[in-house]
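K.L.:
sequence first, predicted model second:
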Amino acid sequence: MSDTSPDRPAAPVLDVWCELQCPDCRTALDDVRALRARYGDRLELRLRHFPLEKHKHAFAAAQAAEEAAAQGQGWPYVEAVLARVEELDRKGEPLLIEVALELGLDAEEFDTALIDGRHILIVDADQAEGKAMGVTGTPTYVIGGERLDGGKSQEGLRARIEEIADRLLAAQGS
């Protein structure tokens, strides 16, 4: 069931393949914030998880981000964890709980979610879809069927995303 009325087409989607222990993803946040400010609800930004094996706390961080989303604070949690990438590398899962507490989330529920693995399927599905689409690193963006790899360089990516988003919105008449 969809609550999108036929009068208003669905917003174009920007999938942001991200890893919460990735310094490049922290840098990419500036672009994500700028895109959010420019387009508001005319562009749907979706966080997609792509934990890399080289970062031992990334998979737990992805699960924690899903718990934050379940508690209504997905993006604020992601931004708070990315702001502390180096600390996550040192502290691991205790930092994930600490950030939850700082944001006023139910930290006990976070701890339980990390133990019972209730969000593993979401993280696994994102990772599998990313691999199938050719995602190899983070951040990677997908909009309008085009994949843009930000893992090598963020240079020019926001302008390219805006160009594609503007084209998609113009095609909708938005």
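P.N.:
Alright, I've got the coordinates.
K.L.:
identify the residue nearest the geometric centre of the protein.
P.N.:
For the chain, the residue nearest the mean C-alpha position is residue 47 (2.5 Å; CA atoms, centre = their mean).
K.L.:
which SSE is it in?
P.N.:
Assigned by DSSP states H and E, residue 47 belongs to strand 44-49.
K.L.:
what's stretch 94-103 in contact with?
P.N.:
Residues from elsewhere that reach stretch 94-103 (CB atoms under 8 Å, 6 or more residues apart in numbering): 57, 60-61, 64, 67-68, 73, 76-77, 80-81, 84, 87-88, 91, 106-107, 110-111, 114. Quick note: C-beta positions are derived from backbone N, CA and C, even for glycine.
K.L.:
ugh, typo on my part, it should be stretch 66-85
P.N.:
18, 20-23, 25-26, 29, 47, 49, 61, 64-65, 88, 95-96, 99-100, 102-103, 105-106, 109-110, 113-114, 118-119, 122-123.
K.L.:
the same query, at a cut-off of 7 Å, please.
P.N.:
Stretch 66-85 is contacted by residues 20-21, 23, 25-26, 29, 47, 61, 65, 88, 95-96, 99-100, 102-103, 105-106, 109-110, 113, 119, 122-123 when judged by CB atoms under 7 Å, 6 or more residues apart in numbering.
K.L.:
among those, name the ones in strands.
P.N.:
residue 47 (DSSP state E).
K.L.:
tell me which stretches of this structure form helices.
P.N.:
Using DSSP state H, the helices of the chain run over 23-39, 58-70, 74-82, 85-91, 93-102, 107-116, 120-133, 157-172.
K.L.:
which of those sits most buried?
P.N.:
Ranked by mean neighbour count under mean count of other CB atoms under 10 Å, these are led by helix 58-70, which reaches a mean of 23.
K.L.:
between that helix and strand 44-49, how many degrees?
P.N.:
Relative orientation of helix 58-70 and strand 44-49, computed by axes from the mean of the first three to the mean of the last three CA atoms, to 10 degrees: 140 degrees.
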